[in-house]
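1. Need the 3D shape of this:
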Amino acid sequence: MLVKEIMTSPVITVRTDTPAPEVARLMQERDIGAVVVVDEGGRLCGIITESDFTGIGRCVPFSLDLAPIVFGARAATLGELERIYAMARKLRAKDVMSEKVETLQESDEVGSAVHRMLNHSLKHLPVMRDGTPVGMVARHDLLKLLAKELSR
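-> Have a look, this model is predicted:
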C-alpha cells in the first residue's frame, strides 16, 4: 500500500511569519497535532508539532522549562506570567518550528512511514510531491489502517 492512499490531504500549512498563537489556535480548531511551515513559494521550511509548543528549550507558556515557574518549583508572580505571555505573543512560526524534517513521497510504501516513525520517534510525516507538501501521515492514520486490516 502506498503513502498517498492513507495520507491526510490537503496538508494544513502556515507561513514562516505566522504568529505562534495563531498556529496554536489553528491546530486546536482543526484538532491536528502538526502543521507544515512553508515559505512564500509553498516550499517546506519546517514542521510545528504539539511537542514544539511544550518541549524543553521552547520559550512558550507551559513548555517544560517554564512549567516549574508557572506550576511548581516556585509560584510565578503575576508580572512573571505577563512577561512570559508577552514573549510568547511575539513568536512566529519560524521561531517555534523544527527545521529538520523527515518527509515521505506519495509513492513510498506505508512500511517506509512506519519505519521512519519508529526509528526517529516521530508522530507526523509530511508527504511531498515535487518538493511541495501535499499531505501528512500521522500515527493515527497508521492506527486507522491497522484497525481496518484487522477487521477484515
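2. so where is this protein shaky, pLDDT-wise?
-> 54-78, 81 (pLDDT under 70).
3. Strands of that one, start to end?
-> Counting by DSSP state E, the chain has these strands, from start to end: 13-15, 34-38, 44-49, 104-105, 124-129, 132-138.
4. how much does the third one deviate in direction from strand 132-138?
-> The directions of strand 44-49 and strand 132-138 differ by 20 degrees, with axes from the mean of the first three to the mean of the last three CA atoms, to 10 degrees as the criterion.
5. Can you show me the CA trace of strand 44-49 as PDB?
-> Output of strand 44-49 as PDB, limited to C-alpha atoms (Å, rounded to 0.1, in the frame of the first residue of the first chain):
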ATOM      1  CA  LEU A  44       8.800  23.200   3.100                       C
ATOM      2  CA  CYS A  45      10.700  25.100   5.800                       C
ATOM      3  CA  GLY A  46       9.800  23.100   8.900                       C
ATOM      4  CA  ILE A  47       7.100  21.500  10.900                       C
ATOM      5  CA  ILE A  48       5.400  22.500  14.100                       C
ATOM      6  CA  THR A  49       4.000  19.800  16.300                       C
END
